[in-house]
Every structure is written in C-alpha cells, then in structure tokens.
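[1] here are the coordinates; sequence isn't available:
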C-alpha cells in the first residue's frame, strides 16, 4: 500500500514499523519537545503533498498531536487504539502495533473541519452516557475505536467530535442506536 502524504511519527522505531506496513515517507518529531523547525518541515510537507499525524496513543503522543494541530489546523490524523499499540511488557507505541493495525489506522484517516463549528454539544454526550455515568469511559472507548479518533476523556471527545464534524446521528449510529 502506497501513501502519498507524509506520515508524521515520534521517532525512528515508529518509522521502521510504519514503513513495514506501508510505502511512505515519514517525518519524525523526535519526541514531545517538538521544535519550531520541525513544525515548519511538517507544515511545508502538508502544503506540498499532505501529511498525516500518527503518534503514540498516550499523553506525550497526544501532546505532540495537539501541538501540530495548533500549528497546522487542517492536518490529517490517524489513530491507533491503546490496546492495539501495546507490547508484551505493557509499553505503548506505534512501534508496537501490528502491520495490519498500522495499515488500518492509515486507511481510516480523519480530516478536521477548517472552521470551529459545533456539530455536537456536551448535553448530547451526557444524554448518551459518554461523559457522565458508570460506563462512560467504556462507551467512549467503543465510540472512539469505531470512529477512529483515538482515545479521549470527556472534554477531548467533545473537541474531537466537533473538529471532525461528527453529529449526534453519527455518534448514535456508531454506538448502535436504531433510527427513531
């Protein structure tokens, strides 16, 4: 599988694993201390051929993703679920994901909307048991995996759903609700 866009990863081991899964060029951020120069390289790559952010599904990976997203709001995102990015010792990272999981993540890329438009609100997420309730965390996990938007707490979920333009109908369908 060939990917035209650059794939933005955290480090060398991520590059090695991604290139085992797909034919692509990568840009490495070299960890969470992402520099202005690296952001400029990513921005230029995004403008020339496009770029997809594929960071580890953990706090540092989210921090890198958010830094890039603030600098380049229209950049595309690919996510690997936490449980599919773990090695036998429990370490989490893109480098630990199987080739199939990496391919799937890069096949299900999300593109954020260019403007900040509210397509869903907090009240809907509360009503659907995604923010408050005994099973909210598990319900969010299921939803995030189905929508390929990466793990999220309640506030992050609301921001991601709006950034990618998901509506109440989309969320209900992903959760298996039947049309009324």
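    Perfect, I can see it now. Remember, it's a predicted structure, so these values are computed and weren't measured experimentally. Numbering: from 1, shown residues only.

[2] Which secondary structure element is home to residue 14?
    Using DSSP states H and E, residue 14 sits in helix 12-21.

[3] Please apply the same query to residue 139.
    helix 136-147.

[4] picking up where we left off before, mind listing residues that contact the helix holding residue 14?
    1, 7, 9, 24, 26, 28, 54, 56, 93-97, 99-100, 102-103, 106 (Cβ atoms under 8 Å, 6 or more residues apart in numbering). From N, CA and C alone the C-beta is placed, and that goes for glycine too.

[5] quick one, strands of this structure?
    6-9, 26-28, 51-53, 76-77 (DSSP state E).

[6] Just to check, residue 1 is in contact with residue 99?
    No. If you go by Cβ atoms under 8 Å, residue 1 and residue 99 don't touch, sitting 10.1 Å apart.

[7] quick one: residue 129 and residue 135, what's the gap?
    With distances taken as Cβ to Cβ, to the nearest Å, residue 129 is found 6 Å from residue 135.

[8] Looking at these two, which is more packed in?
    residue 129 (15 against 11; other Cβ atoms under 10 Å).

[9] Tell me the confidence at that one?
    pLDDT, residue 129: 93.

[10] Quick check: which ranges of this protein have low pLDDT?
    113-116, 179-180 (pLDDT under 70).

[11] Just the buried residues out of the contacts of helix 12-21, in PyMOL syntax.
    To isolate the buried ones among the contacts of helix 12-21 in PyMOL, judged by 16 or more other Cβ atoms under 10 Å, type:
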select buried, resi 7+9+24+26+28+54+56+93+94+95+96+97+102+103+106
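
[12] can I see the domain layout of this protein?
    1-112, 116-180 (automatic domain parsing).

[13] any idea which of these is most buried?
    domain 1-112 (a mean of 18; mean count of other Cβ atoms under 10 Å).

[14] I'd like the distance from that one to the chain centre, please.
    Mean-position distance between domain 1-112 and its chain equals 8 Å (Cα atoms, centre = their mean, to the nearest Å).

[15] Could you tell me the end-to-end distance of it?
    Using Cα to Cα, to the nearest Å, the end-to-end distance of domain 1-112 comes to 24 Å.

[16] what's the answer for stretch 148-167, then?
    15 Å.
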